[in-house]
Each structure stands twice: as C-alpha cells, then as structure tokens.
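Peer 1: Dropping a prediction and its sequence here:
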Amino acid sequence: MPDSTISQSPLPGLYIVATPIGNLGDITPRAAALLARADVIAAEDTRVTAKLLSHLGLRVPMTPYHDHSDERARAALVARMETDVVALVSDAGTPLISDPGYKLVRDARAAGRRVTTLPGPCAAIAAITLSGLPSDRFLFAGFLPSKAKARSEAIAELAGLRATLVFYESGPRLAATLAALAEGLGNRAAAVAREISKLYEECVTGSLGELAARYADAPPKGEIVVIVAPPADNVVEEADDAAVDDALRAALADQPVAKAAKAVAKRYGLDRHAVYARALALKDGA
C-alpha cells in the first residue's frame, strides 16, 4: 500500500534515501516515489545516480554532495530545504554509513528543517546476514587506515570488544587487511562478502589466516565487506604438536616468523618464545 506522505506532495525538508547496493530492483517503492517528487537530489556522484534515475524513468535535477563539499554547498542545500524537497543519496546503500552526509543532517537539524529517512539496502547489514556469524551484537568500523602502523593501532582498539566486527575494504588491500586482523585479533572465524545482490554475489568463510592466504595472490573485484567473529570467552584452542606445526606452516606462508609465532601462540595459549623457536625450526626445514 503506497505511503500517503509520499504519494501526495511531500513536505519540504531533507529526505535521506537508501538506494540499491547492486540489484536496481532493490529500490523501495517509497524511495522511488520520493525521488520522483524531489525538487533536487544531492548525490555523492551524479553519474552513478543518473543510472538509477534512468532505470526508474525519472528526470530530476541533481547537485553534487560528497566528502569534499564545502560549507557553502551545505548552506545552500539547507536554505533550499525551507521550501523544497531535498533528497540525499550516496552511490549505493544507506547515506551516512561510511559515506558523506552527517554534516548536512546536523546543519539541517540546527536550522529547524524537517529530516526524514527512507530506509533500505545497507551493505554492512546484508553482509552480516550472509556470514553466519553472531549478529546479536556488532560494531561497524568502516575502512581501516591504509598505513600499517595506524591500521594495527586501530585493530588493537577493537581487540577486546565482545562483538562481531564489520569492515569495508577494497580488493587490492583485502589480503593485507585480513593478515593484519589475524595478527591483531587472533585467528578468528571470519567472512568476506562481495558483489552483494549482484549476479556474482559471494560470501567466503574461514579463519582470518585462511582468508588472507586465499586472497594473497588473487585480489577480488567489487565492493567488499569483512565480518569477524567476536573473541571466544577466554577459551583457547587445544592442539597437539602436529596441529601447532600445521598452524605455523600456514602462518609462515604469508607472515614473518615473529608474527606467525605470535599469532599461533595466542591462538593456542602457548608460550610465545617456545612457539617462535618451533617456527624457526620449521622455516629452516628441521
């Protein structure tokens, strides 16, 4: 049943409109109706939004609004909200979720403008549902820093959180990020979801170390979400010497000896110096 606030003329203000993350058929009827009645669409990339409007058979004025938009651009949009319907969209998914927009919402509220959200697709939420990992408590952490030191520090801040962790990532950086997560969090269960709702949708599960090895020489394409299980309740895996050696060999395939030993020692609750000595022996072929 059509929403009466959209089927009739919507009131002036800011409308935060979620758009498809892949399949254009995922646009909600309410979102499509609002876009059709908008006076202007503030778009992260007008070229991307133009494809959606073409799919819907709409011709609506657009103006760019992205990370580099200045205060004058925000002020102009807030001024228009007094008399016009302004729709805010990102390239895909729900605006403000690792996308520009919160400053526009903040200024619109400060000016007393109407602010309404039209919920819909979100890659982070969709990926959690695909992963099979705990979803009762989770933290969305967006993109990790690109530099190794800053990335390690960011991961360390998250290590003790008893929640599933959700990250966005790009294909070329994926393997390095997975390896850094394994080092900083331990070899937790994880999932890599990509191309969500598209023809080649994929969700690969495994340990962080296994996934890092899988993508080391084959970076995937498309938009990627990484989901990491919460830490175990102070429980470490039990293993015999053969299992520890197998874990070390897997870790040594893409990590230096010290890092591999640290990760395996943490995983099994073993003395790091003893594991380091065993890792050196394995690397030397003993």
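Peer 2: It's in.
Peer 1: Work out which residue lies at the spatial centre of this structure.
Peer 2: Centroid-nearest residue in the chain, with C-alpha atoms, centre = their mean: Tyr168, separated by 2.8 Å.
Peer 1: element containing it, please.
Peer 2: Taking DSSP states H and E as the definition, one finds Tyr168 inside strand 164-169.
Peer 1: Ok, Leu14 next?
Peer 2: Going by DSSP H and E, Leu14 is in strand 13-17.
Peer 1: which neighbours does that strand have in its sheet, and in what orientation?
Peer 2: strand 85-89 (parallel), strand 115-118 (parallel) (DSSP bridges).
Peer 1: List the contacts of whichever helix or strand comes after it.
Peer 2: Note on strand 13-17: by DSSP H and E, the next helix or strand toward the C-terminus is helix 29-37. Here helix 29-37 makes contact (C-beta atoms under 8 Å, 6 or more residues apart in numbering) with 2-3, 6-7, 9-10, 15, 17-19, 41, 53, 56, 58, 60, 85, 87, 89, 118, 120. Quick note: C-beta positions are derived from backbone N, CA and C, even for glycine.
Peer 1: Same check on stretch 198-207?
Peer 2: For stretch 198-207, the surrounding residues in contact (C-beta under 8 Å, 6+ apart) are 22-23, 127, 130-132, 182, 187-195, 211, 214, 220, 222.
Peer 1: and those residues, which of them are in helices?
Peer 2: Ala127, Leu130, Ser131, Ala182, Leu211, Arg214 (DSSP state H).
Peer 1: now the strands for the protein?
Peer 2: The residue ranges that make up the strands of the chain, judged by DSSP state E, are 13-17, 40-43, 62-64, 85-89, 115-118, 138-143, 164-169, 189-194, 202-207, 224-228.
Peer 1: Sheet partners, orientation included, of the third one?
Peer 2: I take that to be strand 62-64. For strand 62-64, the paired strands and their directions (DSSP bridges) read strand 40-43 (parallel).
Peer 1: So for the partner strand, what gets flagged as buried?
Peer 2: Using 16 or more other C-beta atoms under 10 Å as the test for burial, strand 40-43 gives Val40, Ile41, Ala42, Ala43.
Peer 1: what sits against the residue nearest to the first one when sequence neighbours are not counted?
Peer 2: This means Val40. Nearest in space to Val40, with sequence neighbours left out and distances taken as C-beta to C-beta, 6 or more residues apart in numbering, is Pro61 at 5.0 Å. With contacts defined as C-beta under 8 Å, 6+ apart, Pro61 is in contact with Asp39, Val40, Ile41.
Peer 1: if I look at Pro61, how far off is Ala87?
Peer 2: When distance is defined by C-beta to C-beta, to the nearest Å, Pro61 is 10 Å away from Ala87.
Peer 1: Mutual contacts of the two, please.
Peer 2: Taking C-beta under 8 Å, 6+ apart as the contact criterion, the residues that touch both Pro61 and Ala87 are Val40, Ile41.
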